[in-house]
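Asker: Here is the input, now give the coordinates:
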Amino acid sequence: MFQKNKKILVPFIIAAALILAALLWNVEKTKKIPEKDVVIIYTNDIHTYIKNRNPEDAKKALNLSYSAVSALKEDIEAQGKEVILADAGDHIQGTAYGDMDKGATIIQIMNETGYDVATLGNHEFDYGIARILELINKAEFSYISCNFYKTDDGELVLPAYKIIEKGGVRIAFIGISTPESITKSTPTFFMDKSGNLLYNFYSGEDGSELYDSVQKTIDEVKPQADYVIALGHLGVDISSVPYTSRELIQHTHGLDAFIDGHSHTLIEHEYVQDSKGKDVLLTQTGAYFKGTGVMTIAKDGTISTEVLHEYGRQNEFVTETEQGWIKTIDEKLGEKIAVLDSKMFVMDPKNPAQRIVRCQETNLGDLTADSYYYFFNEKLKMDCDIALSNGGGIRNGINEGDVSYFSAKTVFPFGNQICIVEATGQQILDALEKGAMFAGIYDESKHIPAESGGFLHVAGIKYEIDSTIDSTVQTDESGIWLGAPTGKYKVVNLMVYNRKTHEYEPIDLEKTYRTASTNYTLKNLGDGMAMFKGIVPILDFVGEDYIILSDYFKSFKKGKDGYPHISTGNSPLKSYKNYLLDYENPFGSGRIEINK
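Answerer: Numbers count the residues shown, from 1 in each chain. Predicted coordinates:
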């Protein structure tokens, strides 16, 4: 009896032993901890801001930069800790320091800083697919993305993950690119001449393709790694649903942490439960070097994060490269790129002490709005209906003669990013009304017309302001828009240019119009423009305002001297029949008429 039962029990005993061994191996696997602290320094959405953005920032001795990050890496290593340096995307585009050589020097600086791994943000594609692939080959760090693929064979363009061994443990980074990259870069860059996609991103209308691609990668890498960290460019904006980092965590399992980008959100540490109820650490540093993240995998196996907002030392070698490139670009900003045939005005030509750009139309106001309108219509082919340029952002006029990037920078010194949204006719009317609150009013205390930084210069529309009507716009004590005027609108006869019929037509208040302007106006409630609150950009961060203006300068017809000559007759918008253009008139082309 015993012998018979023994034959039966032996296989079960062996199977049980194997199961127990596997369980013990897994327990040991999950408990593996570093021999020393492993620190992951991480950045996201730098957008080529290697130079202080304004004079106030320049006063801060502890401002962050690539050279400061490099020094931070050195100082942590000097403490006997292991360091990994990672970036979550959007690092080669945004300012002239990236645009001038299409990201090449930024990659060089990142190489010198000591980056180990990066993923692609949507703006990595802004110079075209061929260019980013070329830059990837120049990078001394690894680019990864588990959901960016070629449509002809379904093969991933980049490795899905990278495993880095530090402190006796293996850390797997999984790259994740936002499926919004196609629409939030330039769609045609991903297509052939017939409009067929050559490259795409695993996404799914409900996000399922994205989640599946990440889960597949987690399952593949999990047996090879002690820690699995997502390095993603997804963000947490509601406009990015269902492709946000929070949703991805909730629909997958196996991640230990998620280093995020895209939404420019400061998340020092947040815990999100995955599909099996485990807490996953989510973090993001904001944007533009306003913060640098430090994630520590401690010797007890715990993971913690903090975001630094300053650092007191810089790596001299990286600083030398940064400053050399800044000097090169600043010199290029002074190079002649066009010739201006007529002076562009901020001040009243009849009274040079009176700033009129904040209270009525000027030729420079028209020119700046036209630059946005031209860029989205003729360069990006995005069917832009309206462009808005706030008077408070137009700081200086331009004299006749040679024009440079620096000339555009003096007009737009703040470096605001440009975006395009879909706004209703009512929102456009309300924005114009808010900007026209003080139009036609004379400031007796200053002996000049009353000014408003929110006065809007326009392209693609025209309107009238009835100055005999007192503004009844509802605002809070800070001047933020609360609601429509309680009485009559000062803005009347608002018309939109139809590029097909070449005629100006009455605006439809319920219709949506593709509208271009700065993030300041359309996203950040600049000048109190809260009627746009919560609006979702179609395309964001396409470049700084002065770069867009410079691009418009260079688009004008060339003269005999070989340079573009900025005049009405030479404008690329001259082909728009009946479109209001008159750059020779200091007071513009009649797009804004103030009736008294």
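Asker: count of residues packed around Ile171?
Answerer: The number of residues packed around Ile171, counting by other CB atoms under 10 Å, is 24. (C-beta placed from N, C-alpha, C; glycine too.)
Asker: and it, bridged to which residues?
Answerer: Beta-bridge partners for Ile171, by DSSP bridges, are Ile164, Tyr227.
Asker: which regions of this structure lie under the pLDDT threshold?
Answerer: 1-31, 51-62, 443-448, 477-478 (pLDDT under 70).
Asker: Tell me which residues touch Ala484, please.
Answerer: With contacts defined as CB atoms under 8 Å, 6 or more residues apart in numbering, Ala484 is in contact with 430, 433, 473-474.
Asker: Please state the backbone phi and psi of it?
Answerer: Geometry field for Ala484 lists phi and psi as phi -60, psi 160, criterion degrees, to the nearest 10.
Asker: go on, Thr105?
Answerer: Thr105 has phi and psi values of phi -70, psi -30 when expressed as degrees, to the nearest 10.
Asker: Surely Ile107 is in contact with Ile92?
Answerer: Yes. Using CB atoms under 8 Å, Ile107 is in contact with Ile92, at 6.9 Å.
Asker: wouldn't Tyr576 be in contact with His502 here?
Answerer: Yes. Using CB under 8 Å as the test, Tyr576 is close enough to His502 to be in contact (6.9 Å).
Asker: Which one's more surrounded, those two?
Answerer: Legend: neighbour count by other CB under 10 Å for Tyr576 and His502, higher for Tyr576 (18 against 12).
Asker: Distance of that one relative to His269?
Answerer: Separation of Tyr576 from His269 (CB to CB, to the nearest Å) stands at 52 Å.
Asker: for this structure, what spans make up the helices?
Answerer: Along the chain, the stretches classed as helices by DSSP state H are 2-31, 55-58, 66-78, 96-99, 104-113, 129-138, 208-221, 245-250, 316-333, 363-374, 405-411, 425-435, 519-522, 545-555.
Asker: Mean neighbour count, these: which tops it?
Answerer: Each of the helices of the chain was scored by mean neighbour count; the highest is helix 363-374, a mean of 27, by mean count of other CB atoms under 10 Å.
Asker: What is that one packed up against?
Answerer: Applying 3 or more CB pairs under 8 Å, 6 or more residues apart in numbering; DSSP states H and E, one finds that helix 363-374 contacts strand 386-390, strand 456-459, strand 512-518, helix 545-555.
Asker: where does the residue nearest to Ser263 when sequence neighbours are not counted fall, phi/psi-wise?
Answerer: Leaving aside its sequence neighbours, Ser263 sits nearest to Gly235 (CB to CB, 6 or more residues apart in numbering; 2.9 Å). Backbone torsions for Gly235, taken as degrees, to the nearest 10, come to phi 80, psi 180.
Asker: and Gly235, how many neighbours?
Answerer: Counted by other CB under 10 Å, the residues lying close to Gly235 total 27.
Asker: OK, contacts around it?
Answerer: Going by CB under 8 Å, 6+ apart, the list of residues near Gly235 reads 178, 244-245, 260-265, 284.
Asker: rewinding a little: which one of the contacts of Ala484 sits closest to Lys523?
Answerer: The shortest gap between Lys523 and any of those belongs to Asp430, at 16.0 Å (CB to CB).
Asker: List the residues that contact the closest one.
Answerer: Taking CB under 8 Å, 6+ apart, we find Asp430 in contact with 481, 484, 531.
Asker: what does Lys299 give?
Answerer: Lys299 neighbours (CB under 8 Å, 6+ apart): 33-37.
Asker: Can you tell me which of those are buried?
Answerer: Members of those that pass the buried threshold by neighbour count (16 or more other CB atoms under 10 Å) are listed as 33-34, 36-37.
Asker: Could you export those to a markdown table, including columns for distance to Glu82?
Answerer: Written out in a markdown table, the entries for the buried ones among the contacts of Lys299 read as follows (distance: CB to CB, whole Å):
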| residue | distance to Glu82 |
| --- | --- |
| Ile33 | 13 |
| Pro34 | 7 |
| Lys36 | 6 |
| Asp37 | 7 |
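Asker: Restricted to strands, list the residues you listed.
Answerer: Residues from these lying in strands, with DSSP state E as the criterion: none.
Asker: hang on, the earlier thing: please enumerate the shared neighbours of Ile107 and Ile92.
Answerer: If you check Ile107 and Ile92 against CB under 8 Å, 6+ apart, the residues they both contact are Leu135.
Asker: measure Gly534 to Ala139 for me?
Answerer: Computed with CB to CB, the distance linking Gly534 and Ala139 is 37 Å.
Asker: out of those two, which sits in the more crowded spot?
Answerer: Looking at Gly534 and Ala139 with other CB under 10 Å, you find the greater number of neighbours at Ala139, namely 15 against 8.
Asker: out of everything not next to it in sequence, what's closest to that one?
Answerer: Distances taken as CB to CB, 6+ apart place Ile107 nearest to Ala139, at 5.4 Å, with adjacent residues excluded.
Asker: Equivalent analysis for Ile218, please.
Answerer: Computed as CB to CB, 6+ apart, the closest residue to Ile218 that is not its neighbour in sequence is Gly254, at 4.0 Å.
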